[in-house]
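Trainee: Below: sequence and its predicted model.
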Amino acid sequence: MINAAVIGYGYWGPNLVRNFIDNPDSNLLYVCDLDEARVKNLKIRYPQIKTTTNYKDILHDDSVQLVAIATPVSTHYRIAKDALNAGKHVLLEKPMTVRISEAEKLIDLAAKKNLILFVDHTFIYTGAVRHIRDLIAAGHLGDIYYFDSVRVNLGLFQHDVNVIWDLAPHDFSIMDYFISEKPVSVSAIGSACVLGEVEEIAYITVRFVSGLIAHFNVNWMSPVKIRRLMIGGSKKMVVFDDLIPDEKIKIYDKGLLLDLKKKSKDEVYKKIIQYRIGDMYSPKIESSEALKTEIAHLIDCIKHNKKPTTDGEAGLRVVKLLDAAHRSLCKGSACVKI
């Protein structure tokens, strides 16, 4: 069994604790949080788990092999660096770090120590996202023309990061998982309507050499909650709606046909666009909890020295997109090359 510890028992920490406890190949030894009331309540629920308000107590215990870090992003680099130097495998909540240089240093340190650096891009481990990835890899969608994502809701407002750093990592990681081509530029526009310090609304555009374009709408001020993305291909199109339990994925056999015709020998080709309207179907999707699948994958990678799907390099690619979007905001939505 892999002996694990969770640092941070706020919003996401309880989910990590529950899944580590439920996994038959892991043994959760510690939970750390600065809030003594949280630690006390956890101790009542899980009396077998050791608790502390100082994460270094965990790092000093040689029996701990894996540390999961679910603290504010500004603390990720320091805690992850200390954990790697202490010889622990690391799971980092998204986003990986606030700076590209920090992510690169953690990747180098993990490689030097021969340890796994794992980033918690949870959506990659959902049945729906994996099914769409398989469709793309098999060529069923054809050439990808666009990737369009909407992730909006009312709250939860953050004070240390803007809406891009809070919500966009989910969809950036999905795009990175789907599309092997590297993005070349990012532009973003946003508004700080309420807090006046961090943007609560933002629109991000990512461009690729091939002409593929990706667009992201992230918003803390929407009257409705929407978790939807659309992918347009030359053969088929896909809509993924995470809030529809029975039909998360809809695959449309719709598209455009470009017909080149000429009326006579001397006449130039005339481009005629026709529409192809086919069937729509919704495949059955595996419904197991993504975090359960993720934890099982991480533990398997540790036990058998495998490369994780969402390793440090995947985390770095998302941080680069976040950094470019942030710089574009600061430059009045100017296009920023990656």
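Mentor: It's in.
Trainee: Confirm that Asp160 sits in a strand.
Mentor: No - counting by DSSP: H, G, I helix; E, B strand; the rest coil, Asp160 falls outside a strand, being coil.
Trainee: Can you report how many residues lie near it?
Mentor: Per other CB atoms under 10 Å, the neighbour tally for Asp160 reads 12. Glycine gets a C-beta too; all of them are placed from N, C-alpha and C.
Trainee: Please verify my assumption that it contacts Val73.
Mentor: Yes - under the criterion of CB atoms under 8 Å, Asp160 makes contact with Val73 at 7.3 Å.
Trainee: Helices along this protein, start to end?
Mentor: 13-22, 36-45, 56-59, 76-85, 100-113, 127-137, 163-178, 290-304, 312-330 (DSSP state H).
Trainee: Those helices into a markdown table, with extra columns for distance to Asp143?
Mentor: Formatted as a markdown table, these follow (distance: least, CB to CB, whole Å):
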| stretch | distance to Asp143 |
| --- | --- |
| helix 13-22 | 37 |
| helix 36-45 | 49 |
| helix 56-59 | 48 |
| helix 76-85 | 37 |
| helix 100-113 | 30 |
| helix 127-137 | 10 |
| helix 163-178 | 13 |
| helix 290-304 | 29 |
| helix 312-330 | 22 |
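Trainee: could these go into a markdown table alongside mean neighbour count, distance to Asp242 and mean pLDDT?
Mentor: Shown next, in a markdown table, are the helices of the chain (neighbours: other CB atoms under 10 Å; distance: least, CB to CB, whole Å; pLDDT from 0 to 100):
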| stretch | mean neighbour count | distance to Asp242 | mean pLDDT |
| --- | --- | --- | --- |
| helix 13-22 | 19 | 16 | 96 |
| helix 36-45 | 13 | 28 | 90 |
| helix 56-59 | 18 | 33 | 97 |
| helix 76-85 | 21 | 25 | 98 |
| helix 100-113 | 17 | 27 | 98 |
| helix 127-137 | 18 | 7 | 97 |
| helix 163-178 | 24 | 10 | 97 |
| helix 290-304 | 18 | 10 | 97 |
| helix 312-330 | 22 | 18 | 97 |
